[in-house]
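Novice: requesting a structural model of the entry that follows:
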Amino acid sequence: MSKETFTKRYRLPYTHDLPSEWNYVEIGKVFKESNENNRPDLPLYSVTRTKGIIPQEENNKRDTSSSDKSKYKVIHPGDIVYNTMRMWQGVVALSNVEGIVSPAYTVCTPTEDVYGKYAEYLFKTHPMIKLFHRFSQGLVDDTLSLKYENFKKIFMPLPPFSEQRKIAAILSTVDEAIEKTEAIIEQTEKVKKGLMQQLLTKGIGHTKFKKTEIGEIPEEWEVRRLEEICEIRYGKSPKGVKVEYSDYPIMGTSGHVGYAKEFLFSGPMILVGRKGTIDKPIYIERDCWIIDTAYGLFADQTKVSLKWLYYFLTSYDLASLNEATGVPSLNRNSLYSIKVPLPSLNEQNKISNILTSIEQKIETEKEKLSIINEIKKGLMQSLLTGKVRVKVDEDEVVSS
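Specialist: Numbers count the residues shown, from 1 in each chain. So this is what the prediction gives:
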């Protein structure tokens with residue numbers, strides 16, 4: 001293999017042959033760097049890995065922008081903008097706006113040979129990201145920087161323009177489905193939160209209320225300490241009980257962490273963190289082993305529905321009971337001292353059923369989202385590599 005061939009392969013994302021109509025082209029041949037600036041009057045934007053280009057004020061990160069924005073770079077619709085120090089993580093997006101970005105970003109304007117949305121999808125694929133990492137300069141990941149001078153030397157696969165558009169259109173349709181599903185999940189989460197706030201304090205259909213030490217509650221409800229309605233048991237170290245393919249899950253605040261050949265507690269139960277994550281209760285229906293950094297809560301089912309208690313504890317500010325200055329810690333006596341507004345068992349079950357139905361809706365949508373994301377991943381792996389070709393109609397070729 002000649003040195004020239006080796007050098008070129010070092011800059012290629014794939015080892016397989018491209019379709020005959022496709023070509024490899026150096027990025028610098030189809031993207032030119034833009035350093036236009038001195039437009040402080042334009043709105044300021046940030047580039048994110050998952051949300052694309054968004055107004056700076058919508059970015060959750062602290063605003064570190066300079067008061068003097070004369071050197072900030074101008075972006076136009078159609079530009080590809082990437083975080084120079086985070087390109088190896090896929091922080092790149094196609095601009096649909098006119099504005100300015102920090103000098104920490106690299107702005108590239110495409111030639112007429114490349115369709116911007118196609119390039120945006122391509123630059124987020126694993127093979128391209130590996131190349132971006134390879135050509136970034138720095139001693140460790142946190143200092144890596146992909147300057148345009150190195151970015152432009154990387155080869156990208158380039159189908160005919162009409163095929164680029166068709167690939168981008170297919171992937172955009174999948175993205176729209178993802179966005180709609182995410183919006184449904186977000187809205188349903190808001191509905192659940194509002195319902196919990198209402199149902200766990202006001203109940204169902206009550207018109208008369210009374211003042212108590214924990215606030216106003218329905219007249220028929222009682223206030224009980226947690227120790228009166230449930231038992232709290234310590235978890236135990238799973239050392240020596242892990243066996244692959246055994247029947248009983250080992251559970252911690254991070255969820256399922258292994259298997260045990262025997263079970264410590266019979267379900268159902270509520271898992272609450274004793275150390276570390278103390279504010280995210282987990283409802284568990286089956287027999288399991290609970291690790292030693294967690295508690296297992298077991299209800300007196302003549303007084304309380306365990307599922308209802310789970311929803312109550314989910315809404316309770318357990319983090320406020322933290323007694324440690326370092327790793328959060330929850331004392332069992334503090335947990336026992338929680339005062340619980342207690343409806344009748346019948347009303348508890350009604351409230352639980354309402355909230356469970358909302359949770360099931362959320363879980364269904366999350367499963368749907370997971371499937372759509374897998375579909376997108378598969379499409380990107382096949383369409384952007386040329387292993388699967390898209391059919392381009394004659395009118396699409398003409399319009400492109």
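
Novice: what residue, apart from its backbone neighbours, is nearest Pro19 spatially?
Specialist: Gly386 (4.6 Å; Cβ to Cβ, 6 or more residues apart in numbering). Glycine gets a C-beta too; all of them are placed from N, C-alpha and C.

Novice: please state the backbone phi and psi of the one you found?
Specialist: phi 80, psi 0 (degrees, to the nearest 10).

Novice: could you pull out the strands for the stretch 151-300 of the chain?
Specialist: For the stretch 151-300 of the chain, the strands defined by DSSP state E, counting those that start in this stretch cover 155-158, 209-212, 215-218, 222-225, 230-234, 248-252, 255-260, 269-273, 282-284, 289-290, 294-299.

Novice: quick revisit: OK, contacts around the residue nearest to Pro19?
Specialist: Residues in contact with Gly386 (Cβ atoms under 8 Å, 6 or more residues apart in numbering) are Leu18, Pro19, Trp22, Pro157, Pro159.

Novice: and with 10 Å instead?
Specialist: Tyr14, His16, Asp17, Leu18, Pro19, Ser20, Glu21, Trp22, Pro157, Pro159, Glu163, Ile167 (Cβ atoms under 10 Å, 6 or more residues apart in numbering).

Novice: same question for Glu21.
Specialist: Glu21 touches Leu158, Pro159, Pro160, Glu163, Gly386, Arg389, counting by Cβ under 10 Å, 6+ apart.

Novice: which of the contacts of Gly386 fall in helices?
Specialist: Using DSSP state H, the members of the contacts of Gly386 that fall within helices are Glu163, Ile167.

Novice: let's see if you can find the most crowded of the contacts of Gly386.
Specialist: Ile167 (26 neighbours; other Cβ atoms under 10 Å).

Novice: which of the helices or strands spans Glu367?
Specialist: helix 345-383 (DSSP states H and E).

Novice: ignore what I typed, I meant Pro341.
Specialist: strand 339-342.

Novice: what's in contact with that strand?
Specialist: By Cβ under 10 Å, 6+ apart, the list of residues contacting strand 339-342 reads 200-203, 212-218, 220-226, 228-230, 303-304, 308-309, 312-313, 316, 348.

Novice: buried subset of those residues?
Specialist: Applying 16 or more other Cβ atoms under 10 Å to those, the neighbour count classes 200-201, 203, 217-218, 221, 224, 226, 229-230, 304, 308-309, 312-313, 316, 348 as buried.

Novice: need the winner for burial among the strands of the stretch 151-300 of the chain.
Specialist: Per-stretch averages of neighbours, counted by mean count of other Cβ atoms under 10 Å, single out strand 289-290 among the strands of the stretch 151-300 of the chain, with a mean of 26.

Novice: sorry, back to before: format the contacts of Glu21 as CSV; extra columns: pLDDT and distance to Tyr121.
Specialist: Shown next, in CSV, are the contacts of Glu21 (pLDDT from 0 to 100; distance: Cβ to Cβ, whole Å):
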residue, pLDDT, distance to Tyr121
Leu158, 97, 13
Pro159, 97, 12
Pro160, 96, 16
Glu163, 97, 13
Gly386, 93, 14
Arg389, 91, 16
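
Novice: tell me the one of the residues you listed nearest Ser237?
Specialist: Distance to Ser237, by Cβ to Cβ, is smallest for Gly386 among the contacts of Glu21, at 52.5 Å.

Novice: mind checking which helix or strand the nearest residue to Ser172 once chain neighbours are set aside is in?
Specialist: Nearest-residue entry for Ser172: Lys117, 6.7 Å, with adjacent residues in sequence omitted and distances by Cβ to Cβ, 6+ apart. In this assignment (DSSP H and E), Lys117 forms part of helix 116-122.

Novice: how far does that helix sit from its chain's centre?
Specialist: 22 Å (Cα atoms, centre = their mean, to the nearest Å).

Novice: list the buried residues of the helix or strand following that helix.
Specialist: Downstream of helix 116-122, the first helix or strand assigned by DSSP H and E is helix 126-135. Using 16+ other Cβ under 10 Å as the burial criterion, the residues of helix 126-135 that qualify are Met128, Ile129, Leu131, Phe132, Phe135.

Novice: can you tell me how far the fourth one is from Asn150?
Specialist: The gap separating Phe132 from Asn150 is 9 Å, by Cβ to Cβ, to the nearest Å.

Novice: now for these two: what residues contact both?
Specialist: With Cβ under 10 Å, 6+ apart, Phe132 and Asn150 have common neighbours Met87.

Novice: how many neighbours does Asn83 have?
Specialist: Asn83 has 23 nearby residues by other Cβ under 10 Å.

Novice: quick check: closest non-adjacent residue to it.
Specialist: Asn83 sits nearest to Val91 (Cβ to Cβ, 6+ apart), 4.0 Å away.

Novice: so the one you found touches Lys124, yeah?
Specialist: Yes: if you go by Cβ atoms under 10 Å, Val91 and Lys124 touch, sitting 9.4 Å apart.

Novice: what separation do you get for the residue nearest the centre of the chain and Ser65?
Specialist: By Cα atoms, centre = their mean, the chain has its centre lying nearest to Thr50, at 8.7 Å. For Thr50, the distance to Ser65 equals 21 Å [Cβ to Cβ].
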